[in-house]
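[1] 3D model of this:
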Amino acid sequence: MRAWPFQAAFLCFLLLVGVMLGQEAPGAAQPPSVQRIPGHMPAANASLQGTVRDRQTKLGVPGVKISLIRAGTIVGERWTDAEGIFRFVDLATGTYELKAEKEGFQTLDLLTLRINGPETTDLALEPIAGESMPTKGPSGVPGAAPSPPAPPLSPTGSYPGLRTSQAPSSPGPLGIAPEQVPPESANFSKEPNRWDVPMPAWDRYGKGGEFPYTQHHWYDPFNRSRLKGDEPIFGQSWFFDFTGTSITGLDVRRLPVPSGVSAEQSDSADFFGRGEQGFASQSFRLSFDLFEGDTSFRPVDFRIRFTPEFNLNFLQTRERGLVNVDVRDGTNRFDFHTGLQEGFVEAKIRDLSPNFDFVSIRAGIQQFVSDFRGFIFAEEQPGVRIFGNLRSNRINYNLAYFYFLEKNTNSGLNTFDPRHQQVYIGNVYIQDSFFKGYTTEFSFHYNRDDPTNHYDDNGFLVRPAPIGDVVNNGVLQHGIRAYYLGWASNGHIGRLNVSHAFYQALGHDTLNPIAGRRVDIDGRMAALELSVDKDWARFRSSFFWASGDPSNRSDALGLAGRGSTARGFDTIVDETNFAGGAFSFFDQQGIRLTSTGVALTNPGSLLVSLRSNKEEGQANFVNPGIYIFNAGADFNVTPKLRAFVNANYLQFDRTEPLQILLFQPRIRHSIGTDTGLGIQYRPPLTENIVITSGISNLVPGVGFEDIFNKRVLISGFTTIRLTF
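    Reported below is the predicted structural model:
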């Protein structure tokens, strides 16, 4: 099948975004209404600024009461500052009466003062006879003698009409000789190496702590270190930054699992086994970053980054057939894998403005998240990406192409085997759109997943998913061509924090395993989170919806004569941080459908997509969909300790795909209630040590009981992240 229609659609989308942004051609004349500063409109109201001076000394008079009156009503009162200056802002245009009053001076009354815009005026007050107002010297200190008259003009100097300068030794108005400008040697000190200026000692409190100017050590990444890019490794613009990260994860859980054909436990049920599991993972991530440019503000000119990651993981279960397709492998599994998670070259193509607007290109294995919450695409894969910004960083954009590698099943790290999946992405972010502090994003994704066969590292068939006609009539491959049009946002409107997303999925699947035939894709997803900050707490509520497929068995199999359209929604590879994130059982854990080779939900995803594996499987658009209603709160208990509370109510959008897959009628909609608690502790404020821990559970609803049983599911986890 030729790919030019998909590329044409991709280019049309980018053209549409350009039209929406309304970019002018370089050098084009702008209409008078164009804003010189984005998001800033000239004030519609007028303003008044003035200075009140003593008529005799010509010096500013402080403490004068200025009253502005209109139609007999006082609209504002101000008092002059130490220099005699007053200001009124946000005034309606029109005619006012201005009155200036101060003890010891005659009252000044301007009966008619016309203000049509920004106005500046000087007022002179006459002292009352017999009264003398203390004068001020150049520094504004009352009591100083007035300044002497200016020296006469020099008609014969090099520049006639300019005042002659006073001799350096002549006294000033206070009888003191003016201060001489110190020599350059007193103001500046030459340093042969500006990167090695010693910091002063800091002993303000007489004890140790997280204070500035601490002495640096080679093992301390948050004080000056050549390993952290704080000084060049050669020349004046080449820097090296090493980041070492250790992530230790512990997870205990209870899930619905099958007892299997080789159950050894006497208390295993005929169908469901004992679901307690323990999982431990240790990752070491080493990032080597060599770049040319400045250490701050300006984007780098050239960069090479290389990031290998090493992972060790251990799983312990209580039933056979879970750790491997071969039941002889028992109930435990230990695995080790090394993957290359980053390996790219980046170069700046061009600087676009003196405000650090630029365009750069990056090629190689790189991390990319296509929206604010990771709803559609969050991966580390080989690709080419053009990115940059416009209008003083108000507009950011990405054009990206990725060619996927297979993932290691137990660690999630990259292998060097091709996945035969390509993804095209274009997005644009617009800051301060509609409201200050509110950022919107428009995006286009195209997922081209070619037909392939793949067994994961534990021996299970994951591509294609082992259900329906795929396995009944042999292993039938199928390909997916899916398009996503998206609009998302993140920011605040006043004091209300807002985050939302909406995606429309289109395209087709050449052979959906549940429908057993080619289907056209028409799925939708919507999410909205609102939150308010109150002192040290944030209270939030959110809603998530992914459409489900309503087709019954006759429709899916084409027996009713209806066109085959898959109305469920699925993503490319999501890593969702929404509706509680890690503190939600449904988001944190993967729940497999017993007696099938697919999952009800995968870890890190809120979707009920009936997908065999989020990373190694293929998207499935014949699925039940989901509704999630969320409430929660985040608390900054101390600067180092945060606490989280989360609750979700979940239900299926449609249950027909589950009935077809499980050959089970009348599955109800309620999934259940998901609640969780968690804390995050940062011993040093530098965040190079972060400890996160949480516990959550899922109390089954009637629909979940129809599929599994009434047993409450639980999960507890701890993650320790150390960063150098």
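[2] what's the single longest strand in the chain?
    Looking across the chain with DSSP state E, the single longest strand is strand 332-351.
[3] what's that one packed up against?
    Helices and strands touching strand 332-351, by 3 or more Cβ pairs under 8 Å, 6 or more residues apart in numbering; DSSP states H and E, are strand 276-292, strand 302-316, strand 358-369, strand 378-390, strand 414-430. Quick note: C-beta positions are derived from backbone N, CA and C, even for glycine.
[4] and those strands as a markdown table, adding distance to residue 119, mean neighbour count and mean pLDDT?
    Shown next, in a markdown table, are the helices and strands packed on strand 332-351 (distance: least, Cβ to Cβ, whole Å; neighbours: other Cβ atoms under 10 Å; pLDDT from 0 to 100):
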| stretch | distance to residue 119 | mean neighbour count | mean pLDDT |
| --- | --- | --- | --- |
| strand 276-292 | 52 | 17 | 96 |
| strand 302-316 | 53 | 18 | 97 |
| strand 358-369 | 42 | 18 | 97 |
| strand 378-390 | 37 | 20 | 97 |
| strand 414-430 | 37 | 19 | 96 |
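[5] out of those strands, nearest to residue 82?
    strand 378-390 (43.4 Å; Cβ to Cβ).
[6] which residue ranges of the stretch 51-200 of the chain form helices?
    For the stretch 51-200 of the chain, helices defined by DSSP state H, counting those that start in this stretch occupy the ranges 184-187.
[7] of the helices and strands packed on strand 332-351, which is nearest residue 256?
    strand 276-292 (11.4 Å).
[8] so that closest one versus strand 332-351, what angle?
    30 degrees (axes from the mean of the first three to the mean of the last three Cα atoms, to 10 degrees).
[9] residues in contact with the residue nearest the centre of the chain?
    The residue lying closest to the centre of the chain (Cα atoms, centre = their mean) is residue 372, at 5.2 Å. Contact partners of residue 372, counting by Cβ atoms under 8 Å, 6 or more residues apart in numbering, are 441, 488, 489, 490, 499, 501.
[10] mind checking the SS state of the first one?
    Just to be clear, that refers to residue 441. Under DSSP: H, G, I helix; E, B strand; the rest coil, residue 441 falls in the strand class.
[11] what about residue 580, how many neighbours?
    Using other Cβ atoms under 10 Å, residue 580 has 29 neighbouring residues.
[12] spit out the contact partners of it.
    587, 630, 632, 644, 646, 647, 648, 674, 676, 696.
[13] which intervals of the stretch 551-700 of the chain have sub-threshold pLDDT?
    Along the stretch 551-700 of the chain, the parts satisfying pLDDT under 70 run over 553-563.
[14] one more time with 80
    Applying pLDDT under 80 to the stretch 551-700 of the chain flags residues 552-563, 595, 685-686.
[15] going along the chain, name the strands of it.
    Listed in chain order, the strands of the stretch 551-700 of the chain (DSSP state E, counting those that start in this stretch) span 565-566, 591-592, 599-601, 626-638, 641-652, 670-681, 689-700.
[16] re earlier: closest to residue 251 out of the helices and strands packed on strand 332-351?
    strand 276-292 (4.5 Å).
[17] how big is the angle separating that closest one from strand 302-316?
    170 degrees.
[18] next one: strand 276-292 to chain centre, how far?
    Here strand 276-292 is found 21 Å from its chain centre; the criterion is Cα atoms, centre = their mean, to the nearest Å.
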